[in-house]
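Trainee: turn this into a model:
(one chain, ligands or ions: 3)
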Amino acid sequence: MHRIATIITATLLAGRGVDALPLTPTGNPYPVPAYCPFTQSKFLPFYNTGNQNWNDAPSLSITVNGRPLIATMDTGSTGIVIDAKYGFNTTYLQKNCEIGHVFYTSSHWLQEGYWCTTDVDVGGVVTSALALIRTNEVCCPKFADGHRCQTPEKACVCKGTCTSTVSEGALTRRVLEEDEEVSKIEPRQTTTVGKAYMGIGFARGNPPSHNLFMNIKSIDGVPVGSKFRTGYVINSTGVWLGITKANTAGFSAVKLNLREGNADNRDWAEPPCDVQINNGTWVTGTFLADTGIPNAYVKGDVANKEGNEITIRIPDPSTPFGEVKFISVPKAKAGTIGTENHMQPTWVGTRSIPGVNTGRKFYNGYDLYFDGDGGYFGLRKKSN
Ligand SMILES: *[C@@H]1O[C@H](CO)[C@@H](O)[C@H](O)[C@H]1NC(C)=O
Ligand SMILES: *[C@@H]1O[C@H](CO)[C@@H](O)[C@H](O)[C@H]1NC(C)=O
Ligand SMILES: *[C@@H]1O[C@H](CO)[C@@H](O)[C@H](O)[C@H]1NC(C)=O
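Mentor: Numbering: from 1, shown residues only. Ligands and ions are numbered 1, 2, ... in the order given. Model (predicted):
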C-alpha cells in the first residue's frame, strides 16, 4: 500500500548541506567541492541497457504502491505524473490530496488529477515528491482553469498527436519553451502501458519539491543522514544518486545561482555557457543537456540555418571545462548530417532564450553531475 508523507521532505532538507564546502585544491580553476564527508550513495543502472550511444532517452525501473513501472529519466523537466490506476483510489485522493492539473498550452492536452506527496522506489532508493496523480487526460482547447475541462473536445482540433486516446505517457513539463514543448509532447503521447515520465531536471519550471531526485528519504532501507549529499551523476550506463568524492572524481564544476524568485534555497538556476556561431561573437546564455530529446535548440547572435557551425563552451569561452561543436541540421534532414560526430544532435532548432539545449547526444562526450544541496554543476570529459 502506498504511503503519503504528511510533511514535504524538501522543507526538511532545505537547510542542510548548503554551507560552503572547501574546494579541492588542484590546478583546476573549476574544482569540485570537497565531498569527503559524503559517502551514502547508490548507482542505478539504466533499464534500457545497450543504449550507450544515447539514441533513446534513458529509463529506470521504479515502483509505485508496489507496482513496477518503467520511468523515462528526463533532465529537461521537473516532476512526475503517475496514473491513478497504479494503486490510487478516488476516495483517498479526494480526501487526502489537493485537486490539480497540468495543462500543455501548445498541444491543449489537460492532465486532470491530484497533487499528492507520493513515495516512489527507484531501485531501492525511496524518494517522496509532490506528484500529479492523474485521473483523466483530455484534449481541452477551451481550457480556462479550475483544474477540470468544462468543454472537452471529442472531434480533435488540437495540435500534436491529439488523436490518440488516454495514454500512459505522463507529461510533466510546464511550457517554458514552446518549440521544445511540441517536439517533446509528440513522443510522450505514444508510450505504452506501465510507463511513467520522471522529470529530474532543475530550473525547469517546477520547484525542488516536485523533483524525486531532490527528495530522497532512504537508500536500501538506510535513512539518508549527514553522510548524504543530494544530487546525481549521470554516465552512459546509469545514474548515481548521492554525491560523493569518488563519484565526482575527475569532474570540474561551476557554482550555480539560485533562480530569480526561487521557491526555496535549493532552487538552482541553469548553468552558464557561451555560444559561438560560424566563428562569430560569443553570446552568453544558459546550458541544458536534456536527456528527453535527441535534437538540440540553440540561440546565438545569428539566425539558425542549415550548415551553421555551432560551438558551445561551458561555463565560459576562455577557460572552458566543457566544449561541444556541431552543425545546424533542419528537422527535415534529422539524423542525416554530421553523424560521424558522436555529440551531433539529430537536428537543431531555435531556442527561445540565449544558450543551448544540447539534447542527449551530449552525454556521448561528457558525464554530468548536479549537486542539489550545494548548487554545483559539473562535467567530466569521457576518455573515448
Ligand atoms: C483507497 O486507498 C486507501 C489508501 O491506500 C485504502 O486505505 C482504502 O482501503 C482504499 N479504498 C478502496 C475502496 O479501495
Ligand atoms: C558508470 O558508472 C558506473 C558506476 O561507477 C560504472 O560501473 C560504469 O562502468 C560507468 N559507465 C561508463 C560507461 O563509464
Ligand atoms: C571557422 O574557423 C575555422 C578555423 O580558422 C575554419 O576552419 C572554419 O572554416 C571557420 N568556419 C566558418 C563558418 O567561417
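
Trainee: C-alpha from now on. contacts and neighbour counts both.
Mentor: OK.

Trainee: so where do the helices sit in the stretch 51-200 of the chain?
Mentor: For the stretch 51-200 of the chain, helices defined by DSSP state H, counting those that start in this stretch occupy the ranges 90-96, 178-188.

Trainee: same for the first one, what does it pack against?
Mentor: What that stands for is helix 90-96. In terms of contacts (3 or more Cα pairs under 8 Å, 6 or more residues apart in numbering; DSSP states H and E), helix 90-96 is packed against strand 109-122.

Trainee: okay, the residue in the stretch 151-300 of the chain that ligand 1 sits nearest to: pLDDT?
Mentor: As assessed by Cα to the nearest ligand atom, ligand 1 sits closest to residue 194 within the stretch 151-300 of the chain, at 19.5 Å. With respect to pLDDT, residue 194 scores 76.

Trainee: quickly list what the closest residue to it other than its chain neighbours is bridged to.
Mentor: If the residues on either side of it in the chain are set aside, residue 194 comes closest to residue 69, at 5.0 Å by Cα to Cα, 6 or more residues apart in numbering. Residue 69 forms beta bridges with residue 62, as assigned by DSSP bridges.

Trainee: who touches residue 69 in this structure?
Mentor: Each residue near residue 69 by Cα atoms under 8 Å, 6 or more residues apart in numbering is listed here: 61-63, 194-196.

Trainee: 6 Å instead, please
Mentor: Neighbour list for residue 69: 62-63, 194-195 [criterion: Cα atoms under 6 Å, 6 or more residues apart in numbering].

Trainee: from those residues, which are also near ligand 3?
Mentor: Taking Cα under 6 Å from any ligand atom as the test, ligand 3 is in contact with none of the contacts of residue 69.

Trainee: quick one: which of the residues you listed has the most company?
Mentor: Tallying neighbours with other Cα atoms under 10 Å puts residue 62 at the head of the contacts of residue 69, with 23 neighbours.

Trainee: residues contacting it?
Mentor: So residue 62 contacts 68-69, 121-122 (Cα under 6 Å, 6+ apart).

Trainee: these two touch, right, residue 368 and residue 234?
Mentor: Yes. Contact between residue 368 and residue 234 holds when scored by Cα atoms under 6 Å: they sit 5.3 Å apart.

Trainee: who has more neighbours, the two?
Mentor: Neighbour count, other Cα under 10 Å: between residue 368 and residue 234, residue 368 has more, with 23 against 19.

Trainee: hey, what's the closest residue to that one other than its chain neighbours bridged with?
Mentor: Leaving aside its chain neighbours, residue 368 sits nearest to residue 379 (4.6 Å; criterion: Cα to Cα, 6+ apart). With beta bridges defined as DSSP bridges, residue 379 has these partners: residue 252, residue 368.

Trainee: what's the burial count for residue 379?
Mentor: Using other Cα under 10 Å, residue 379 is surrounded by 25 other residues.

Trainee: got it, and the one 4 residues further on?
Mentor: When neighbours are counted by other Cα under 10 Å, residue 383 registers 6.

Trainee: ok, it - contacts?
Mentor: Counting by Cα under 6 Å, 6+ apart, residue 383 has no contacts.

Trainee: next SSE downstream of the lowest-mean-pLDDT helix or strand in the chain?
Mentor: Every helix and strand in the chain was compared by mean pLDDT, DSSP states H and E; the lowest is helix 9-13, with a mean of 33. Per DSSP states H and E, the first helix or strand lying C-terminal to helix 9-13 is strand 42-45.

Trainee: which elements pack onto that following strand?
Mentor: If contacts are counted by 3 or more Cα pairs under 6 Å, 6 or more residues apart in numbering; DSSP states H and E, strand 42-45 sits against strand 238-241.

Trainee: what about the strand it packs on, average pLDDT?
Mentor: The predicted model assigns strand 238-241 a mean pLDDT of 98.

Trainee: just the pLDDT for residue 295.
Mentor: Per-residue confidence at residue 295 stands at 94 (pLDDT).

Trainee: what about burial for the contacts of residue 62, which qualify?
Mentor: Neighbour counting by 16 or more other Cα atoms under 10 Å classes 69, 121-122 among the contacts of residue 62 as buried.

Trainee: which of those lies closest to residue 147?
Mentor: Residue 147 has its nearest neighbour among the buried ones among the contacts of residue 62 in residue 69, at 26.1 Å by Cα to Cα.
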